[in-house]
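# Here is the input, now give the coordinates:
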Amino acid sequence: MTSKAEMYDVIRKPIITEKTTMASEHGAVVFEVAMAANKPQIKEAVEALFGVKVKAVNTSITKGKVKRFRGQPGKRRDVKKAYVTLEEGNTIDVTTGL
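So this is what the prediction gives:
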């Protein structure tokens with residue numbers, strides 16, 4: 001079992017957008033996770049931190065866009081998202097904070 005600090009390194013923050021709000025109506029919660037995190041680590045961290053049962057974990061990596069900042073080209077960072085589907089009867093209220 002890993003420590004609580006290491007679990008917060010795996011799960012960075014919840015993502016609250018229009019799309020994730022629609023996903024939460026079907027029992028899914030979306031988190032930004034570490035790029036090196038794999039699905040079993042994400043499942044273990046969510047179950048330990050929030051005390052819920054996880055049904056499935058789907059991940060996606062969004063590549064950072066190239067943008068201009070003060071006339072200079074720059075690049076946004078890559079982001080890995082985890083769509084965590086919870087078992088029936090389990091909920092996580094991400095609006096209250098971690």
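# ok, the residue located most distally from the centre of the chain to residue 64 distance?
Here the chain reaches farthest from its C-alpha mean at residue 71, the gap being 32.3 Å by C-alpha atoms, centre = their mean. As judged by C-beta to C-beta, to the nearest Å, residue 71 and residue 64 stand 19 Å apart. Where you see a C-beta, it was placed from the backbone N, CA and C, and this is true even at glycine.
# do the same with residue 43
Taken as C-beta to C-beta, the span from residue 43 to residue 64 is 26 Å.
# quick one, which of the two is more surrounded?
Ranked by neighbour count (other C-beta atoms under 10 Å), residue 43 and residue 64 place residue 43 first, with 17 against 11.
# List the buried residues in the helix or strand hosting that one.
Taking DSSP states H and E as the criterion, residue 43 maps to helix 39-50. Within helix 39-50, the residues that count as buried by 16 or more other C-beta atoms under 10 Å are 41-43, 45-47, 50.
# for the protein, what spans make up the helices?
4-10, 18-24, 39-50 (DSSP state H).
# Give me the below-cutoff pLDDT ranges for this structure.
1-2, 95-98 (pLDDT under 70).
# Just give me the residue right at the centre of it.
Nearest to the mean C-alpha position of the chain, by C-alpha atoms, centre = their mean, lies residue 31 at 1.5 Å.
# Now do the contacts for that residue.
With C-beta atoms under 8 Å, 6 or more residues apart in numbering as the criterion, the residues that contact residue 31 are 11-15, 42, 46, 81-82, 84.
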